[in-house]
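Enquirer: with the sequence up front, the predicted model follows.
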Amino acid sequence: MPHLLLKDLPRYECLLEAAKLYPALDPSACEAMLHLLRAGDEVAAIIERELGEHGISHGRFGVLMLLWQACEEQHPSGLTPAELADKAGVTRATMTGLVDTLERDNLVRRQADAEDRRMMRVVLTTKARNFLEKILPGHFRIIAELMSPLSETERKTLARLLNKVLQHSAALDPASPASR
C-alpha cells in the first residue's frame, strides 16, 4: 500500500501559501519530502509487481537476499532468525513468519548451529539459489532502468543525501528501524 496517496503533488506556490497559515511548514522541506514519498511509492510498486510475477513478496525476497549476501560474504552456515530480523529491521515474530513460509516453499532450511546445537540457522536451499539465479538478472535490469535518468555522480549524490536523511530520522526516532 502506498504511503503517499497523492497522484498530483501540490505546487510550490501552494506550499508557500500554506506556510503563511502554518509557520512550522518549511515549503522546500515539504516539497522534497513529498517528492521522496511519491518516488518511493512508485518505485516500490514497480518492484512489488515484478516480484509478484515471480510469486514472491518483497519481504520474502528480502530474506532470500540477506541469506544470499551472507553466503557471498563467506557465511555459508547462514544466519539466525534474530540476525535476519535485525538486518531486515523487522520484529523477530515477523521474521519467524517470513522464514516459515520460505521453509514451507522449500526456499530455506532451518538447521542446528554447528557450534551451539540450541541455536538454529537459516540457509538457502538449492531451489532458492536456482530461483535467485533465474530472477536476479531481470530484477537488476529493472533497478538499472529505474535509475537510468541519473548519472553515476547523481546516483552517488542521491544515495549520500538519502543516507543523511535516514541517519537523521534514526536520531529523531530511536524506535525507527534505521536506528537499530
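Expert: Arrived safely. Numbers count the residues shown, from 1 in each chain.
Enquirer: where's the closest residue to residue 78 other than its chain neighbours, which helix or strand?
Expert: The shortest distance from residue 78 to any non-neighbouring residue, by CB to CB, 6 or more residues apart in numbering, is to residue 123 (3.6 Å). Yep, even glycine has a C-beta here, placed from its N, CA and C like the rest. Take DSSP states H and E as the rule and residue 123 turns out to sit in strand 120-124.
Enquirer: what's that strand packed up against?
Expert: In terms of contacts (3 or more CB pairs under 8 Å, 6 or more residues apart in numbering; DSSP states H and E), strand 120-124 is packed against helix 58-72, helix 81-88, strand 108-112.
Enquirer: make CSV from these and add distance to residue 16, mean pLDDT and mean neighbour count to it.
Expert: What follows is the helices and strands packed on strand 120-124, written out as CSV (distance: least, CB to CB, whole Å; pLDDT from 0 to 100; neighbours: other CB atoms under 10 Å):
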stretch, distance to residue 16, mean pLDDT, mean neighbour count
helix 58-72, 37, 91, 18
helix 81-88, 40, 93, 18
strand 108-112, 52, 93, 16
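Enquirer: how about the contacts made by the spatially most central residue of the chain?
Expert: The structure's the chain has its C-alpha centroid closest to residue 62; by CA atoms, centre = their mean the separation is 7.0 Å. Contacts here follow CB atoms under 8 Å, 6 or more residues apart in numbering; on that basis residue 62 touches residue 88.
Enquirer: the longest helix that the chain contains - what's its average pLDDT?
Expert: Looking across the chain with DSSP state H, the single longest helix is helix 27-53. Mean per-residue pLDDT for helix 27-53: 93.
Enquirer: next one: stretch 126-145
Expert: 97.
Enquirer: tell me which residues in that stretch are buried?
Expert: For stretch 126-145, burial by neighbour count (16 or more other CB atoms under 10 Å) applies to 128, 131, 132, 135, 139.
Enquirer: narrow those to those in strands?
Expert: Here DSSP state E is the test, and the buried residues of stretch 126-145 give no hits in strands at all.
Enquirer: just the ones of those residues in helices?
Expert: Within those, residues falling in helices by DSSP H are 128, 131, 132, 135, 139.
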